[in-house]
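Engineer: predicted model, plus sequence, below.
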Amino acid sequence: MVHAYDRGECGVRLGLAVGKAVGPAVVRNRVKRRLREIFRRQKALVPEGYDLFVRATPASAQARYAELEQAWREAMAVLRRGDPSAAGQTTP
């Protein structure tokens with residue numbers, strides 16, 4: 001789930017919440033690494049001035065990298081259309 005907050009400032013920031021429900025520490029860390037890498041590679045898709053908060057669900061532990069990346073792109077497409085509250089509807 002992705003939550004977006006318009007700060008009205010320059011730059012984009014990412015916050016992650018990967019709870020114990022996702023899995024043991026090794027799995028949680030893998031999910032965080034994947035999400036940070038997706039953010040790094042897809043940063044151009046994020047509108048300027050937003051803080052993004054991603055809450056990983058247990059399904060993200062089983063998702064392949066490509067699935068997470070596609071969900072990220074879909075969430076960013078919703079955000080660019082101007083409906084930040086709907087951005088969280090697409091991520092596993």
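Structural biologist: Looks like it came in fine.

Engineer: okay, the most centrally placed residue in the chain: pLDDT?
Structural biologist: Most central in the chain under Cα atoms, centre = their mean is residue 54, positioned 4.4 Å from the mean C-alpha point. If you check residue 54, the pLDDT there is 92.

Engineer: likewise for residue 32?
Structural biologist: Confidence score, pLDDT, at residue 32: 96.

Engineer: which residues of the protein fall in helices?
Structural biologist: Counting by DSSP state H, the chain has helices at residues 25-41, 59-62, 65-80.

Engineer: of all these, which one is nearest residue 5?
Structural biologist: Residue 5 lies closest to helix 65-80 among the helices of the chain, at 10.9 Å (Cβ to Cβ). To be clear about C-beta, it is placed using only N, CA and C from the backbone, and glycine gets the same treatment.

Engineer: quick one: that closest one to chain centroid distance?
Structural biologist: Distance, stretch centre to chain centre, for helix 65-80: 8 Å (Cα atoms, centre = their mean, to the nearest Å).

Engineer: need the helices of the chain in TSV with distance to residue 6 and mean neighbour count, can you?
Structural biologist: Below are the helices of the chain laid out as TSV (distance: least, Cβ to Cβ, whole Å; neighbours: other Cβ atoms under 10 Å):
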stretch	distance to residue 6	mean neighbour count
helix 25-41	17	15
helix 59-62	25	16
helix 65-80	10	17
